[in-house]
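S.K.: Task: produce atomic coordinates for the following.
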Amino acid sequence: MDTRTFDEIYADVPAHQREALAQFRQNHLPRTLTYKGVKWEYVVSGDKNHPPLLLLVGGLRVADAAYENIPMLADEFYVIAPTYPSVNTMRELVDGFSAILDAEGVRRAHVLGGSMGGMLAQVFVRQHPKWVDKLILSTTTLPNVDYAQRYLSALEMMLPLPEEEAMNGAKVWMVETIDPSDDKALITRAFVDELYSQRLNKADLVSTQQCLVDFHTNYQFTPQDLANWTGHIYVLESDNDATFDEVVRAKVRELYPNAVHYVFHGAGHSPATTQRDLYFQVVKGFLKG
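M.R.: Here you go, the predicted structure:
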C-alpha cells in the first residue's frame, strides 16, 4: 500500500502549482450520492444562479483532473464535474450524470466533454436530450469498430496482470497520452503518479476499457439522431491531435454537419491544457453567444 503524503508525491513540483492543486481540493470537497446502488462523487464550483455546465473529464476519471479548468468556467457558470465510478457501460455513466443534475436541481445544462468525456457527451445527448442545452465536443471521436478491437485487446492484456504492474503501466501510458508541456511536466507526472498509486485501482482501469469497448461496439451514430433536439453543438479539434488523426476528425465533422467547428493549431490532444486561455475564450464565446 502506498502511504506517501501529498507533500512527498509533489515534492519536486513548483510550489505555486502544488499549492494551486491543494487549494482547489480544499475548496471543492466532493459531494456524494448513490444511484442504483453505485456511489457517485462530484464537485461543484461557481454561483448556482449562473447557467449550469456539466463538465466531463477524460480518461483520468476524477473530477479534480480539471482543477485548472474548472476555475476558468466557474466565474460565469455553475460547474458540475463528476468522478466516474467503476461501472461497465456508457449507459450507466450517463444515467448517473442525470441523477447528479437532478440532485443539484438542474433541469437543463450546457455540456462540455473532451476525449473520453466527449464520447460520453455524445451518448448523454442521445440518451437524455432534454437535459442538454448547448453541447461542446472537444478532441474526441465517434464509435469506431477498429477502436473497439484496440480497446478489447488492451483489456485482455490487462486482466491477468497483477495490480501493481497494471497501475504502473497505466502511469506511463497516461503521461505519454497527455504529453504535457515542459512547464507542466512535473505536476502532470506527480498527479498521474498519485492517481494510479493511491486513488484508482485496477477495477477502475478495467472499467475505462470496458466502457470504451462498449462505446465502440454497441453505439452507432448518424446525423439524424438529434433531428428533434433543439440544442446547438460546437466541435473543437486540434490540427496535430496524435490521439485522433485527421481521418477521425473529418468523420466527427461529417457526423455533425450543422455544428460550429473550431480548430486549434498545434495544441495537441488537450488544447484546454496547452492553450488554456484561448480554449476557454472560445468555449465561453460559444456558450454565451
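
S.K.: residue contacts, W40?
M.R.: The contact partners of W40, by Cβ atoms under 8 Å, 6 or more residues apart in numbering, come to T32, L33, T34, P82, T83, P85, G96, A99, I100. Quick note: C-beta positions are derived from backbone N, CA and C, even for glycine.

S.K.: Let's see if you can find the most crowded of the residues you listed.
M.R.: P82 (26 neighbours; other Cβ atoms under 10 Å).

S.K.: Give me the local confidence score for the spatially closest residue to A242 that is not a sequence neighbour.
M.R.: Leaving aside its chain neighbours, A242 sits nearest to H269 (6.1 Å; criterion: Cβ to Cβ, 6 or more residues apart in numbering). Listed pLDDT for H269 reads 91.

S.K.: Surely H269 and T140 touch.
M.R.: No. Contact criterion Cβ atoms under 8 Å: H269 and T140 do not qualify, at 10.0 Å.

S.K.: Now do the helices in the protein.
M.R.: For the chain, applying DSSP state H gives helices covering 6-9, 15-27, 70-74, 90-103, 116-127, 145-158, 163-178, 185-194, 202-218, 246-255, 271-274, 276-288.

S.K.: counting contacts, what elements does the fifth one pack onto?
M.R.: Which is helix 116-127. The contact analysis (3 or more Cβ pairs under 8 Å, 6 or more residues apart in numbering; DSSP states H and E) places helix 116-127 against strand 52-56, helix 90-103, strand 109-114, strand 132-138, helix 202-218.

S.K.: Let's see that with 7 Å instead.
M.R.: strand 52-56, helix 90-103, strand 109-114, strand 132-138 (3 or more Cβ pairs under 7 Å, 6 or more residues apart in numbering; DSSP states H and E).

S.K.: Report the mean confidence score over that helix.
M.R.: The average pLDDT for helix 116-127 rounds to 98.

S.K.: and what of the last one?
M.R.: Predicted confidence along helix 276-288 averages 96 (mean pLDDT).

S.K.: and that helix, what other elements does it pack with?
M.R.: helix 70-74, strand 132-138.

S.K.: Okay then, goodbye and thanks.
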